[in-house]
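K.L.:
Sharing a model prediction with you, sequence too.
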Amino acid sequence: MILTDYLSRKIFYRRLQMLPKPQHPVTDPVEMHRRYWSEGIDLDVVALVLALHRAREAVMAPGRETWVRHGLTPAEFDVLAALRRSPPPRELTPSDIQSLLFITSGGLTKVMAKLETRGLVSRQRHAADQRVRPVKLTARGKRLVEQAMAELMADSASAIRAALTAREIAALTATLAKLTAIPGG
């Protein structure tokens, strides 16, 4: 009796798992918020935030392929790019890098260690303050980040210009600059 009951339940659950999962009738997140979670939520802002996330993903997609081709992670690329756009000798303190990027100190430590191991950055003690070990872009790191940036900008530019006119790019850039001016942003 116990074995029969057990097998009956097992067969029931296995059949239940084989049934198609019911699909939610609404697939647009903004519409889902409007229908099922509208209390106290500004739907215009929800739509904007979701559009910003989707736009970021669309713009970042070519970058992922470029980073992989060059053996970089997004964080590694960001550190190399921050060093490249700094004035010669292309050297910043870890604190400077952290203030320029969205990265934790622990994350930055790991990234710098990997970049240093690969010969893309070097770290020496600061002459005036032995506690500080600035991060310097090596010639090899400079070549790599310049090549990756050229490819990234070419891919991104073609994708963005296919979707937006020059006037729309300028207007969107100006509008987004207003959001970056939000305190804490």
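P.N.:
Great, that's in hand.
K.L.:
who touches Ala75 in this structure?
P.N.:
The contact partners of Ala75, taken as C-beta atoms under 8 Å, 6 or more residues apart in numbering, are Leu101, Ile103, Gly107, Val111. Backbone N, C-alpha and C define where each C-beta goes, glycine included.
K.L.:
Can you measure across stretch 99-113, start residue to end residue?
P.N.:
18 Å (C-alpha to C-alpha, to the nearest Å).
K.L.:
For it, buried residues please.
P.N.:
Buried residues in stretch 99-113, counted by 16 or more other C-beta atoms under 10 Å: Leu100, Leu101, Ile103, Leu108, Val111, Met112.
K.L.:
Could I get the contacting residues of the fourth one?
P.N.:
Translated: Leu108. Val79, Pro94, Ile97, Gln98, Leu101.
K.L.:
Pull the number of nearby residues for the first one.
P.N.:
So that's Val79. Neighbourhood size, Val79 [other C-beta atoms under 10 Å]: 30.
K.L.:
can you check the second one too?
P.N.:
Other residues near Pro94 number 17, with proximity taken as other C-beta under 10 Å.
K.L.:
now swap in the one 4 residues further on and tell me
P.N.:
The number of residues packed near Gln98 is 18, by other C-beta under 10 Å.
K.L.:
For it, give me the pLDDT.
P.N.:
We note a pLDDT of 93 for Gln98 in this prediction.
K.L.:
What distance do you get for it to Pro89?
P.N.:
From Gln98 across to Pro89, the span is 20 Å (C-beta to C-beta, to the nearest Å).
K.L.:
likewise Ile169?
P.N.:
With C-beta to C-beta as the criterion, Ile169 and Pro89 are 34 Å apart.
K.L.:
can you list the weak-confidence ranges in this protein?
P.N.:
Within the chain, the stretches with pLDDT under 70 are 1-26, 126-130, 185.
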